[in-house]
Each structure stands twice: as structure tokens, then as C-alpha cells.
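Colleague: only the shape, not the letters, is given here:
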């Protein structure tokens with residue numbers, strides 16, 4: 001942008017040339033003062049002001065005032081005539097409008113003339129002050145002694161909500177001039193609030209004003225304007241609020257101060273901070289902190305609706321400092337790019353499958369089934385302390401169930417001694433419940449304690465769990481933590497007494513969480529323990545009061561494992577091999593387990609294991625029936641190609 005008005009013509013003859021480095025015009029006695037010299041005095045001073053201003057401000061920067069804001073307003077479409085006469089839109093500028101019975105009132109913020117090009121009628125943008133909203137076909141009037149009247153259009157869209165943008169009076173820097181703007185309002189979208197996508201700024205209008213158009217320029221000699229002494233002309237710059245589309249290249253004599261995207265004000269006018277000071281602050285900020293975000297810009301991707309070969313990259317609102325300079329957006333920014341179509345070949349890529357949630361187990365008995373993901377029980381006592389005399393006794397320590405996804409050998413203090421083996425049991429579908437329920441036998445508020453019926457004989461079996469009353473006295477009170485349990489007397493010691501006095505009519509339930517678990521076990525539907533394992537000390541927290549069980553990798557529980565690449569081109573996998581664990585049940589063998597090879601499918605081979613540690617890691621054999629031909633359950637690593 002630049003000043004377009006040419007002053008080097010008749011009658012001004014301003015031929016000031018900064019390349020000559022003239023800094024003063026020196027008038028002399030006896031020599032006539034030329035009009036061009038007086039004009040050049042102003043040009044010389046203006047050049048100095050511009051050099052100072054450009055060092056402190058960018059073009060279009062607000063120096064003072066000039067506050068901007070967007071607001072919703074009600075639009076009212078009017079009929080083009082009233083009482084047979086053409087309606088004059090200007091009669092409503094700056095007015096308040098009323099209903100004919102004065103029960104409604106609104107302030108007119110902006111008035112738009114009828115637009116023959118778009119077909120838009122005369123439209124008022126208003127703010128309701130009191131009363132109900134105006135309605136179609138209603139007659140309105142201005143709040144004056146002699147009011148103007150108008151009829152609201154009968155259209156179903158005669159009244160709705162639009163969006164306005166306003167700027168207060170201020171001073172803006174433009175091409176070396178500090179130009180004052182009047183307070184102005186413009187509609188970013190007259191008839192909607194969400195579809196507005198515009199640049200908002202000032203159109204710069206330059207003009208030369210003569211006394212013909214402004215009589216105040218006449219010589220006011222003898223307290224009256226002298227038409228015989230018209231005097232000097234004036235150069236004027238007007239800033240007129242206007243809009244451009246976001247993609248508009250029509251930026252001649254226009255500078256942007258704000259922007260609205262999808263109905264949201266996303267940019268505001270540059271502040272009046274001195275460019276010199278701002279540059280110095282930016283340098284120091286970058287030296288100390290580098291690039292950083294205050295509110296991160298988050299990315300999301302979606303297919304472009306207009307062209308499925310493209311994708312939209314959507315950047316959320318945020319704030320950052322880049323090279324020390326502030327950058328902020330107040331609404332999402334969308335960038336459309338072509339979808340990537342290039343591909344590359346990857347050879348011999350290794351992929352590691354991690355099963356996610358797991359606990360370390362020790363004192364393992366039998367083998368957890370991974371072939372059909374059967375449920376295992378979670379108990380609040382070690383597996384050796386589970387009472388297997390009856391199904392009811394077993395349920396006294398059962399706190400929930402889980403499913404075992406996989407089992408991996410982890411370590412052993414003696415590889416020749418299977419009782420020292422520690423495994424990783426990968427769990428999913430964990431459900432912990434309140435399976436221990438019954439009626440209170442007795443209650444002591446002084447201790448405080450609750451005596452329950454014929455439940456676990458293991459001391460502190462229920463310690464750390466919570467007891468609540470579900471029926472009878474005490475119902476609705478917050479659960480109480482169990483701080484101790486006497487297995488012989490069946491007395492629960494509580495952290496806090498119940499407010500109510502519990503009686504035998506009080507039915508209780510003990511609520512458990514996974515951290516209360518001590519073992520895993522499976523039964524054959526009766527009282528025969530098929531397999532079991534204690535939760536090892538490595539999955540216990542000794543920093544908690546009751547040495548809680550810990551489930552590792554709780555945020556990572558995949559059911560499908562990625563192939564090592566984010567995207568795989570269709571039909572591009574030429575060769576693929578993998579290892580897997582498989583469980584073989586009821587396999588008979590004599591002298592050697594090589595007889596188990598018969599169930600292996602074509603293309604599969606057993607993974608080699610010659611050392612004791614490799615055997616421990618890759619194989620787990622459990623003999624389930626002794627004899628000349630023992631029956632075994634075996635887990636194998638298989639290599640399939």
C-alpha cells in the first residue's frame with residue numbers, strides 16, 4: 001500500500017525529493033514565499049514523522065483506541081413501502097424502534113439499504129432492549145415525537161440472528177500518517193452467525209477537500225466566511241470499515257485488522273506496541289525460551305467433503321511464541337492438502353507384540369488356559385489358603401474374575417526347580433465385585449467392629465476392602481474401610497463406626513477392588529483346583545497400608561497388534577512369518593514329548609530350545625495323568641511361515 005494522491009501538479013507543485021536530503025526550507029527577506037515551498041514544508045515534516053512512525057509501528061497497527069468485537073444481533077427485514085410510500089432506510093439510522101403499543105423496544109445498530117443485486121430488502125440490525133421479540137408482519141415505529149413507521153416483512157425468514165463486527169474510535173498508523181477512524185459497525189453476515197468467513201479491515205479513501213465542498217475552509221475574516229478568499233485545500237484520509245472474503249486478493253487500499261472464520265473472531269488488530277521494543281523483547285524471549293506454546297495447537301485430520309482425494313488438516317485454536325513473537329488463533333484453522341499416495345518397501349521388519357495388562361505370579365499350580373480364554377477367579381487370600389471344602393467356602397474369598405490372554409516365563413532363582421518360577425500372566429476382562437454378602441451377626445460402635453457369619457478363616461483376608469450396608473439399619477451410609485479381620489472370631493475391625501446401630505437385620509456386602517487380590521485360581525465347577533498362582537511380590541506395592549496388588553501397563557491393552565507401520569498398502573505383504581503360543585491338551589507321550597508334533601500344521605515348526613533357560617522361557621509342560629503313557633498339557637512356541 002502507498003499514498004496514491006499526487007501533489008506534484010497544478011496548483012500545488014509539491015516536487016519534494018527525499019533523495020536530495022533537504023532538511024529545512026530557509027525563507028529569506030525580500031523574496032516571495034512560493035506556494036510549493038509551503039507545501040514542501042509539510043512534506044519534509046511528514047517524511048520525518050513517517051520515519052519515526054515506521055520504526056515504531058507496522059502498517060495498519062492500532063496506536064490507540066480501535067477496540068474490536070463481534071456480537072450477535074437480530075435482523076429485521078422491512079417491506080419496501082409503508083402506507084403507499086417508499087420506505088427511507090436512513091430514517092432508522094441511530095434510532096430506537098418500538099412496537100405500536102410501546103411494549104417492545106430495540107436499538108438499531110446498523111441499517112442496510114435494499115440490495116437489487118442480491119435481492120436483500122431493507123434490513124435493520126437491532127439489539128432487543130425490552131419486551132418480546134418482534135414478529136413478522138408487525139408494524140414498528142421510531143422513538144420520536146413524529147415517528148417513522150415501517151412494516152416487517154411477512155416472510156418466514158423476516159427475523160433471525162446475524163453477526164456484526166464493531167470497532168471503536170481510534171488512531172491507526174497508515175503510510176506515515178496517524179489516521180483517526182470513526183466508530184463503525186459492519187455485518188460480517190447479515191442473516192447467519194455460523195457461515196461468516198471474512199477478513200475485516202479498513203478501506204483507505206484519499207481525497208482533496210476544497211471550499212466548494214466544505215465552506216468551513218473559507219477565510220473567516222471579520223467573523224464571516226469570505227467567499228472571495230477560498231484559502232487552501234485540505235488532504236484527507238478516511239478509514240471505512242469493510243470486509244473481504246478469506247481468499248480475496250483485492251487488498252489494494254485495504255488493510256486487515258481482524259478476521260472471522262466460521263462465525264468466530266479468530267484474529268484481532270495488532271497492538272500499538274513499538275516495533276523496536278517488540279523486536280527487542282522477542283529477541284530476549286527467544287534467547288531464553290526458544291519456540292514454545294502457551295496453549296498447544298492440536299491437529300486432527302478428515303477427508304475433504306468436496307474432493308475425497310484431498311484431506312483437511314484442522315489446527316485447533318492456540319497460542320505460541322515463534323522466535324519470541326506472539327502468535328495466537330481463536331478458532332480452528334483448516335488447511336486442505338492432497339492425500340499421500342506414495343509407498344515404500346520394507347524388508348525383514350521385526351514386530352513385537354505386547355499383551356498389555358499383566359501381573360507377576362509365583363507358586364504356580366497347573367496351567368492357565370490360553371487356548372479358549374477361560375475365566376479365572378481372583379481371590380483375596382493366597383492360593384494355598386483358599387478353602388476348597390465346598391463351593392460356598394471357595395466363594396468366601398472370591399472377589400471377581402479375569403481372563404488370561406497369555407502367560408510368559410519371566411525368571412527363576414533355580415531353573416531346575418519349578419516352584420521358583422515367576423511368570424507374567426496377561427489379564428483382560430477383569431471384573432471385581434461384591435461376592436461376599438450376608439447379615440450382620442453383631443456390631444460394636446466402640447471398637448468399632450462388625451461380626452459376620454461363617455466366612456474365611458484366614459486372618460486379614462478382607463483387610464483393605466470396604467463394607468457397606470445394603471438393607472436394614474445403616475443403609476445409605478458411606479462404606480467403611482476394613483482395617484483388620486480375625487479369621488477365628490470372624491470380626492471385622494472398621495476405620496470408622498457406622499452412625500446407625502447395626503442389627504441382625506442389617507445386610508452387608510464387602511466391596512473389593514483389584515488391589516485386594518492375592519491369587520488367581522480355576523476350579524472344575526466343584527472343589528477341585530485345576531490351576532492357581534499367587535500374585536508375586538513384584539506386583540505388590542509395599543508403600544500402601546495393605547500391600548496392594550498392582551496391575552501393570554493398565555493403559556495398554558491391545559486386542560490387535562500393528563504390523564509396525566502406520567499404513568500398509570493393500571496386497572503388498574509378500575512374505576510374513578510369526579511366532580505364537582499354542583496350548584495342546586490331553587496329548588499322550590512315551591519317553592519323549594516329540595510325539596506332540598503330530599498336531600502341528602503344515603508350515604509350522606517347534607522353536608528350538610537346548611539350554612535350561614530357553615526351555616523355561618519357551619515351554620511349560622504339566623503332567624495331568626501319570627502312567628506308561630502320561631497325558632500332558634503343553635504350551636509351545638511355534639514358528640509359522
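Modeller: Yep, it's here. Because the structure is a prediction, the values reported are computed rather than measured. Residues are numbered from 1 along each chain as shown.

Colleague: can you show me the strands along the stretch 301-450 of the chain?
Modeller: 310-315, 318-322, 325-329, 333-338, 358-365, 375-379, 398-412, 421-432, 436-439, 442-444, 449-451 (DSSP state E, counting those that start in this stretch).

Colleague: which one is residue 293 nearest to, not counting chain neighbours?
Modeller: residue 320 (4.4 Å; Cβ to Cβ, 6 or more residues apart in numbering). (C-beta placed from N, C-alpha, C; glycine too.)

Colleague: okay, now the one you found: neighbour count?
Modeller: 16 (other Cβ atoms under 10 Å).

Colleague: model confidence for residue 190, exactly?
Modeller: On pLDDT, residue 190 comes in at 90.

Colleague: got the phi and psi for it?
Modeller: phi -70, psi -40 (degrees, to the nearest 10).

Colleague: so it versus residue 196, what's the distance?
Modeller: 10 Å (Cβ to Cβ, to the nearest Å).

Colleague: OK, contacts around the residue nearest to residue 293?
Modeller: Taking Cβ atoms under 8 Å, 6 or more residues apart in numbering, we find residue 320 in contact with 291, 292, 293, 294, 297, 326, 327, 328.

Colleague: for those residues, which one is nearest residue 155?
Modeller: residue 328 (40.4 Å; Cβ to Cβ).

Colleague: next up, the contacts around the closest residue to residue 310 other than its chain neighbours.
Modeller: Using Cβ to Cβ, 6+ apart and skipping residues adjacent in sequence, the residue nearest residue 310 is residue 304, 4.0 Å away. Each residue near residue 304 by Cβ under 8 Å, 6+ apart is listed here: 310, 311, 312, 336.

Colleague: can you count the residues close to the third one?
Modeller: Each residue near residue 312 was counted by other Cβ under 10 Å, and the total is 16.

Colleague: let me know the pLDDT of it.
Modeller: So, for residue 312, pLDDT stands at 91.

Colleague: by residue count, which helix of the chain is the longest?
Modeller: In the chain, assigned by DSSP state H, the helix with the most residues is helix 35-56.

Colleague: can you pull the buried residues of stretch 603-613?
Modeller: residue 606 (16 or more other Cβ atoms under 10 Å).

Colleague: scratch that, stretch 245-263
Modeller: 254, 255, 256, 257, 258, 259, 260, 261, 263.

Colleague: take those and keep only those in strands.
Modeller: 254, 255, 256, 257, 258, 259, 260, 261 (DSSP state E).

Colleague: can you tell me how far the spatially closest residue to residue 338 that is not a sequence neighbour sits from residue 8?
Modeller: Spatial nearest neighbour of residue 338, chain neighbours left out: residue 310 (5.7 Å); criterion: Cβ to Cβ, 6+ apart. In this structure, residue 310 and residue 8 are 52 Å apart, going by Cβ to Cβ.

Colleague: can you add distance to residue 387 and give the strands of the stretch 301-450 of the chain back as CSV?
Modeller: Below are the strands of the stretch 301-450 of the chain laid out as CSV (distance: least, Cβ to Cβ, whole Å):
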stretch, distance to residue 387
strand 310-315, 60
strand 318-322, 60
strand 325-329, 65
strand 333-338, 65
strand 358-365, 16
strand 375-379, 10
strand 398-412, 11
strand 421-432, 20
strand 436-439, 13
strand 442-444, 23
strand 449-451, 19
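
Colleague: out of the ones you listed, nearest to residue 467?
Modeller: strand 449-451 (6.5 Å).

Colleague: if you count neighbours, what's buried in that closest one?
Modeller: Per 16+ other Cβ under 10 Å, strand 449-451 contains these buried residues: 449, 450.

Colleague: adjacent strands (with direction) for it?
Modeller: Taking DSSP bridges as the criterion, strand 449-451 sits next to strand 442-444 (antiparallel), strand 491-494 (antiparallel) in its sheet.

Colleague: quick check: mean pLDDT across the helix or strand that comes right after it?
Modeller: Later in the chain than strand 449-451, the nearest helix or strand by DSSP states H and E is strand 466-471. Across strand 466-471, the average pLDDT comes to 94.

Colleague: which strands or helices does strand 466-471 pack on?
Modeller: Applying 3 or more Cβ pairs under 8 Å, 6 or more residues apart in numbering; DSSP states H and E, we find strand 466-471 packed against strand 480-486, strand 507-511.

Colleague: between it and strand 480-486, how big is the angle?
Modeller: Strand 466-471 runs at 110 degrees relative to strand 480-486, counting by axes from the mean of the first three to the mean of the last three Cα atoms, to 10 degrees.

Colleague: strand 466-471 pairs with which strands, and in what direction?
Modeller: Partners of strand 466-471 in its sheet, by DSSP bridges: strand 480-486 (antiparallel), strand 507-511 (antiparallel).

Colleague: so which bits of the longest one are buried?
Modeller: Looking back up the chat, that one is strand 480-486. For strand 480-486, by 16+ other Cβ under 10 Å, it's 480, 482, 483, 485.

Colleague: quick one: contacts of it?
Modeller: So strand 480-486 is contacted by 448, 456, 459-468, 491-498, 510 (Cβ under 8 Å, 6+ apart).

Colleague: by neighbour count, sort out the buried ones in these.
Modeller: Buried among the contacts of strand 480-486 by 16+ other Cβ under 10 Å: 448, 456, 460-468, 491-494, 497-498, 510.

Colleague: returning to that earlier point: out of the strands paired with strand 449-451, which comes closest to residue 203?
Modeller: strand 491-494 (77.9 Å).

Colleague: to residue 519, which of the strands paired with strand 449-451 lies closest?
Modeller: From the strands paired with strand 449-451, taking Cβ to Cβ, the stretch that ends up closest is strand 491-494, at 20.8 Å.

Colleague: what is the mean pLDDT for that closest one?
Modeller: 96.

Colleague: try stretch 34-41
Modeller: Stretch 34-41 comes out at a mean pLDDT of 89.

Colleague: surely residue 309 meets residue 340?
Modeller: No: using Cβ atoms under 8 Å, residue 309 is not in contact with residue 340; the gap is 10.9 Å.

Colleague: follow-up on the earlier one: just send the ones in strands among the buried residues of stretch 245-263 back as TSV, with distance to residue 267 and pLDDT too.
Modeller: Compiled in TSV, these are given as follows (distance: Cβ to Cβ, whole Å; pLDDT from 0 to 100):
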residue	distance to residue 267	pLDDT
254	15	91
255	13	89
256	8	90
257	8	89
258	5	88
259	4	87
260	9	85
261	9	82
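
Colleague: among these, which one lies nearest to residue 78?
Modeller: residue 260 (25.7 Å).

Colleague: tell me how far that closest one lies from residue 358.
Modeller: From residue 260 to residue 358 the distance is 53 Å (Cβ to Cβ).

Colleague: any low-confidence regions in this protein?
Modeller: 1-2, 221-227, 268-276, 351-354, 525, 555-564, 585-599, 617, 622-641 (pLDDT under 70).

Colleague: tell me the domain boundaries of it?
Modeller: What automatic domain parsing lists as the domains of the chain is 57-272, 290-338, 436-511, 578-640.

Colleague: looking at the ones you listed, spot the one closest to residue 42.
Modeller: domain 57-272 (8.9 Å).
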